[in-house]
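Novice: structure, please.
(2 chains)
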2 protein chains.
Amino acid sequence: MMKLYGYFRSSASYRVRLALNLKGLDYEQTSVHLVKNGGEQLAPAFRALNPDALVPVLQDELDGEAATLTQSMAIIEYLDEVYPDVALLPAQAIDRAYVRSLALSIACEIHPVNNLRVLKYLSATLQVTDEQKNAWYRHWCETGLAILEQKLATDKRTGRFCFGDTPGFADCFLVPQIYNAQRFKCDLSGMPTLMRINQACIEHPAFIKAAPANQPDAE
Amino acid sequence: MMKLYGYFRSSASYRVRLALNLKGLDYEQTSVHLVKNGGEQLAPAFRALNPDALVPVLQDELDGEAATLTQSMAIIEYLDEVYPDVALLPAQAIDRAYVRSLALSIACEIHPVNNLRVLKYLSATLQVTDEQKNAWYRHWCETGLAILEQKLATDKRTGRFCFGDTPGFADCFLVPQIYNAQRFKCDLSGMPTLMRINQACIEHPAFIKAAPANQPDAE
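Specialist: Next up, the predicted model:
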């Protein structure tokens, strides 16, 4: 069985749980607590598994070969290639590029700038106040999501979900980012399309099963 | 012919030029100056093309349909799907996931945190000194590249290039990041594997043609 190293509140782990659940794949979870014990992702045992010291890590066995996979987007692309029965990416190249660009606009433009270690650097090294740190978080999150709203509100391919009426690749990135945005009290009032899609997602069984609150390590 | 909107020094544009050149594809370039005129990427005409206000944008025509593509990684995946003659990703799923994870460790963990608009926010809003801003840049760049060095130095799949002896997907991300690292005077002395691969790349015709200094808008 596949083994997922993650953390209930890590949005990159959440993305991979969503992809696994949408595909109906079974997996065991191992919790890597990002805060306790000075951050379990920084421990030598975990670094041996992933030198990046980041969750998630997925272990799979393919044709008798053990694979240790890192980086949520690379993992989801892998799952879509190896377990194609429920496809997360669309069939046509132009659409695939579009959906990947939606996901990357979250994975590259919003999430990394607000990652735990970046927020820590702001506090510890640059000694910004909590207020400044929270304003930083909201700035990147609200700016990035506002652009995504504009795209999804105007693109004909938007349906009940980010692409058409079936949950897929981009939804696996959107929902964890909205979860984070709400945790940090971002202003999402001007984003009706994102909120409508998010609502459709969180009512779906695969998304319910992947929700942070429903994980074994939830606090 | 394909049309690439980019900027000579933008590392995301540089990645796409590399992919196009490695595949031997023809393209016209339009320069979007990221600094002049308050940043041409922020002008309404460019935002109409890409609401993200980011370069690169690639325009292609596929089966008679015009496509406007954004996000460098999505563009490179598209090129690899539509113009597969020179493959940038390996054939096997596990290797593809590995190579994508190398690229993402640059595209997600290093580059976004040091993007122009983030550096601007540090200076303008958080009023950090130039010294603090440069230390920030070097911190994320050096930390991220050191991890990549460790991976590439120990993985059996590393060859003359990031994956084997043919330049590919991960090299398109590595070389622009090394270029940036050198511009910001990062300490790369403990990274012999990265520097060796970078040297092999920059001597290759596709990389020479894509180098910032060799673009029509180079300063």
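Novice: which elements pack onto the lowest-mean-pLDDT helix or strand in chain A?
Specialist: Lowest on mean pLDDT, DSSP states H and E among the helices and strands of chain A sits helix A:44-49, with a mean of 88. Helix A:44-49 sits against no helix or strand, with contacts defined as 3 or more Cβ pairs under 8 Å, 6 or more residues apart in numbering or on different chains; DSSP states H and E. For glycine as for every other residue, the C-beta is placed from the backbone atoms N, C-alpha and C.
Novice: and the helices in chain A?
Specialist: Per DSSP state H, chain A carries helices over the ranges A:11-22, A:44-49, A:72-82, A:93-107, A:116-124, A:130-154, A:169-183, A:192-202, A:205-210.
Novice: looking at these, which is buried most?
Specialist: helix A:11-22 (a mean of 26; mean count of other Cβ atoms under 10 Å in any protein chain shown).
Novice: just want the angle from it to helix A:192-202.
Specialist: 60 degrees (axes from the mean of the first three to the mean of the last three Cα atoms, to 10 degrees).
Novice: avg pLDDT for helix A:11-22?
Specialist: Averaging pLDDT along helix A:11-22 gives 97.
Novice: can you pull out the low-pLDDT segments for chain A?
Specialist: Counting by pLDDT under 70, chain A contains no low-confidence range.
Novice: residue ranges of each domain in it, please.
Specialist: In terms of domains, chain A is parsed into A:2-86, A:93-206 (source: automatic domain parsing).
Novice: how about these in TSV, adding distance to residue B:195?
Specialist: TSV is the format used below for the domains of chain A (distance: least, Cβ to Cβ, whole Å):
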stretch	distance to residue B:195
domain A:2-86	18
domain A:93-206	25
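Novice: and stretch A:102-111, end to end?
Specialist: 13 Å (Cα to Cα, to the nearest Å).
Novice: make that stretch A:35-50, sorry
Specialist: Calculated as Cα to Cα, the first-to-last residue distance of stretch A:35-50 is 17 Å.
Novice: swap in stretch A:205-217?
Specialist: Taking Cα to Cα, the first and last residues of stretch A:205-217 lie 19 Å apart.
Novice: which outside residues touch it?
Specialist: Stretch A:205-217 has contacts (Cβ atoms under 8 Å, 6 or more residues apart in numbering or on different chains) with A:7-9, A:14, A:17-18, A:20-22, A:29, A:31, A:33, A:167, A:175, A:179, A:201-202, A:218.
Novice: again, 7 Å this time
Specialist: A:7-9, A:14, A:17-18, A:21-22, A:29, A:31, A:175, A:179, A:201, A:218 (Cβ atoms under 7 Å, 6 or more residues apart in numbering or on different chains).
Novice: report the two of these separated the most.
Specialist: Pairwise distances across those (Cβ to Cβ) peak at 23.6 Å, for the pair A:31 and A:201.
Novice: what is the nearest of the contacts of stretch A:205-217 to residue A:41?
Specialist: Nearest to residue A:41 among the contacts of stretch A:205-217, with distances taken as Cβ to Cβ, is residue A:7, at 8.0 Å.
Novice: ok, that closest one touching residue A:55?
Specialist: Yes - counting by Cβ atoms under 7 Å, residue A:7 touches residue A:55, with 5.3 Å between them.
Novice: show me the common contact partners of these two, please.
Specialist: Taking Cβ under 7 Å, 6+ apart as the contact criterion, the common neighbours of residue A:7 and residue A:55 are A:13, A:32.
Novice: and residue A:102, how far is that from residue A:95?
Specialist: The spacing between residue A:102 and residue A:95, counted by Cβ to Cβ, to the nearest Å, is 11 Å.
Novice: same thing with residue A:56?
Specialist: From residue A:56 to residue A:95 the distance is 26 Å (Cβ to Cβ).
Novice: around chain B, pick out the residues from chain A.
Specialist: Residues of chain A lying close to chain B (Cβ under 7 Å from any Cβ of the partner chain) are A:51-52, A:62, A:65, A:67, A:69-71, A:73-75, A:77-78, A:81-82, A:93-94, A:96-97, A:100-101, A:104-105, A:107-109, A:112-113, A:118, A:126, A:128, A:132, A:147, A:150-151.
Novice: rerun at 6 Å
Specialist: Within chain A, the positions adjacent to chain B are A:51-52, A:62, A:67, A:69-71, A:73-74, A:77-78, A:81-82, A:93-94, A:97, A:100-101, A:104, A:107-108, A:112-113, A:118, A:126, A:128, A:147, A:150-151 by Cβ under 6 Å from any Cβ of the partner chain.
Novice: how many residues are close by the closest residue to residue A:26 other than its chain neighbours?
Specialist: Spatial nearest neighbour of residue A:26, chain neighbours left out: residue A:1 (5.5 Å); criterion: Cβ to Cβ, 6 or more residues apart in numbering or on different chains. A count of nearby residues for residue A:1, using other Cβ atoms under 10 Å in any protein chain shown, gives 10.
Novice: what do you get for the one 5 residues further on?
Specialist: When counting by other Cβ under 10 Å, one arrives at 25 neighbours for residue A:6.
Novice: for the nearest residue to it once chain neighbours are set aside, list the residues it contacts.
Specialist: The shortest distance from residue A:6 to any residue other than its chain neighbours is 3.0 Å, reached at residue A:13 (Cβ to Cβ, 6+ apart). With contact taken as Cβ atoms under 6 Å, 6 or more residues apart in numbering or on different chains, residue A:13 is in contact with A:6-7, A:55-56.
Novice: are any of those buried, and if so which?
Specialist: Restricting the contacts of residue A:13 to buried positions leaves A:6-7, A:55-56, with burial counted as 16 or more other Cβ atoms under 10 Å in any protein chain shown.
Novice: between the residues you listed, which sits nearest chain B?
Specialist: residue A:56 (11.4 Å; Cβ to the nearest Cβ).
Novice: for the closest one, what are phi and psi?
Specialist: Backbone torsions of residue A:56, given as degrees, to the nearest 10, read phi -90, psi 160.
Novice: so what's the nearest residue to residue A:144 once chain neighbours are set aside up against?
Specialist: Among residues not flanking residue A:144 along the chain, residue A:110 sits closest, at 3.7 Å (Cβ to Cβ, 6+ apart). Under the criterion of Cβ under 6 Å, 6+ apart, the neighbours of residue A:110 are A:140-141, A:144.
Novice: just residue A:95 next, same as before
Specialist: Going by Cβ under 6 Å, 6+ apart, the list of residues near residue A:95 is empty.
Novice: who touches residue A:126 in this structure?
Specialist: Per Cβ under 6 Å, 6+ apart, neighbours of residue A:126: residue B:128.
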